Each structure stands twice: as C-alpha cells, then as structure tokens.
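[1] Next one to model:
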Amino acid sequence: MLQESIELLDENLVYHDHQVHADHIDIFVHSRRQSVLCPYCGYNSSRIHSRYTRSFYDLPIQGKKVCFFLLNRKYLCLNPECHRKTFAERFDCIMPHSKKSGRLQDIIVKIAIEVSSVTASKILSDGVVTISPSSISNLLQKK
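    Sure thing, here's the model as predicted:
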C-alpha cells in the first residue's frame with residue numbers, strides 16, 4: 001500500500017522503510033532507474049559518481065508531518081561536449097534544492113494567499129509542516 005502511494009508521488013521511487021514517531025513519519029526511498037539523462041545536455045548515463053541522502057517534506061499522513069529520506073545518486077556525464085562533469089538525479093515530485101514536495105508547496109501557497117504569512121505559518125505548523133513566515137513569503141514570490 002505504501003509503495004503504491006509513493007509511486008503516485010513519483011513512479012521512479014521505491015519504498016525502502018519507514019519510522020513512525022509521535023508527531024512525524026520518516027519514509028525512506030530510493031530510485032529504481034538504471035540510467036538517467038543529463039539535465040544539461042540530454043546524454044544518457046548509467047555511471048554513478050556517488051550517493052547522498054536528500055530529505056524533503058510532503059503532505060501529512062493521519063495528522064503527522066511526513067519527511068522523505070531519498071537516497072539520491074550523482075552521475076557522471078559521459079558526453080565529452082557537456083560542460084558539467086557530474087549531475088544529481090532529479091524527480092518530478094521535488095525541485096532541485098527544494099526541501100518541500102511540489103504538492104506541499106501548492107498547499108502552502110493556497111493557504112498563504114487567503115491569510116497573512118504569519119497566520120499561514122501558525123496554521124501549517126499544526127500537523128502539516130513547520131515553516132517560517134519569511135519562507136512562505138519567498139515561496140509566494142517564486143509562484
């Protein structure tokens with residue numbers, strides 16, 4: 001059941017494990033891809049440079065905040081013409097360098113449009129995600 005829910009987030013993610021805590025749930029996932037396209041030149045690569053854990057927040061489950069821990073891979077670009085030597089694997093559900101899933105960002109923006117950033121921060125901190133008013137303002141500017 002959890003694997004099916006994770007595939008709705010991104011079909012390339014595979015459930016590994018989870019931990020339920022008093023106020024949050026940690027979900028551990030990894031990629032099922034064998035190769036990926038370089039986002040800079042489009043060249044296909046299957047040569048892994050390194051791995052690192054990336055975390056991001058998503059919508060709550062049963063009133064508990066949800067944090068995903070993604071074992072992300074960095075690949076070597078094998079195209080000699082590409083100006084980048086390495087690149088990180090990307091996923092549809094999370095933008096590069098973001099700490100919140102796209103669908104969580106949409107909920108934050110939807111609430112913040114209706115109320116002030118300070119009020120939105122208080123509403124969201126109760127079981128959804130901990131976020132500061134300045135982070136909400138920055139997200140509104142991006143959207």
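
[2] Give me the contact list for stretch 43-57.
    Contact partners of stretch 43-57, identified using Cβ atoms under 8 Å, 6 or more residues apart in numbering, comprise 34-38, 65-79, 82, 86, 94, 98-101, 104, 129. To be clear about C-beta, it is placed using only N, CA and C from the backbone, and glycine gets the same treatment.

[3] So the protein: which segments form each domain?
    1-94, 100-143 (automatic domain parsing).

[4] export these to TSV and tack on mean pLDDT and mean neighbour count?
    Listed next are these as TSV, based on pLDDT from 0 to 100; neighbours: other Cβ atoms under 10 Å:
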stretch	mean pLDDT	mean neighbour count
domain 1-94	95	15
domain 100-143	92	16
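
[5] In helices only, show me the contacts of stretch 43-57.
    Among those, DSSP state H puts residue 104 in helices.

[6] What residues are bridge-paired with the residue nearest the centre of the chain?
    In the chain, the centroid-proximal residue (Cα atoms, centre = their mean) is residue 94; its distance is 3.7 Å. Per DSSP bridges, the residues bridged to residue 94 are residue 91.

[7] Now do the contacts for it.
    56, 70, 100, 101, 102.

[8] Dump those to CSV, plus distance to residue 111.
    Formatted as CSV, the contacts of residue 94 follow (distance: Cβ to Cβ, whole Å):
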residue, distance to residue 111
56, 19
70, 25
100, 13
101, 15
102, 15
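
[9] For residue 120, state which of these is nearest.
    residue 100 (13.6 Å; Cβ to Cβ).

[10] Leaving out the residues flanking it, which one is nearest to the closest one?
    residue 57 (5.1 Å; Cβ to Cβ, 6 or more residues apart in numbering).

[11] Okay, strands next: where are they in this structure?
    Assigned by DSSP state E, the strands in the chain fall at 13-20, 24-31, 36-37, 44-45, 48-61, 64-76, 86-88.
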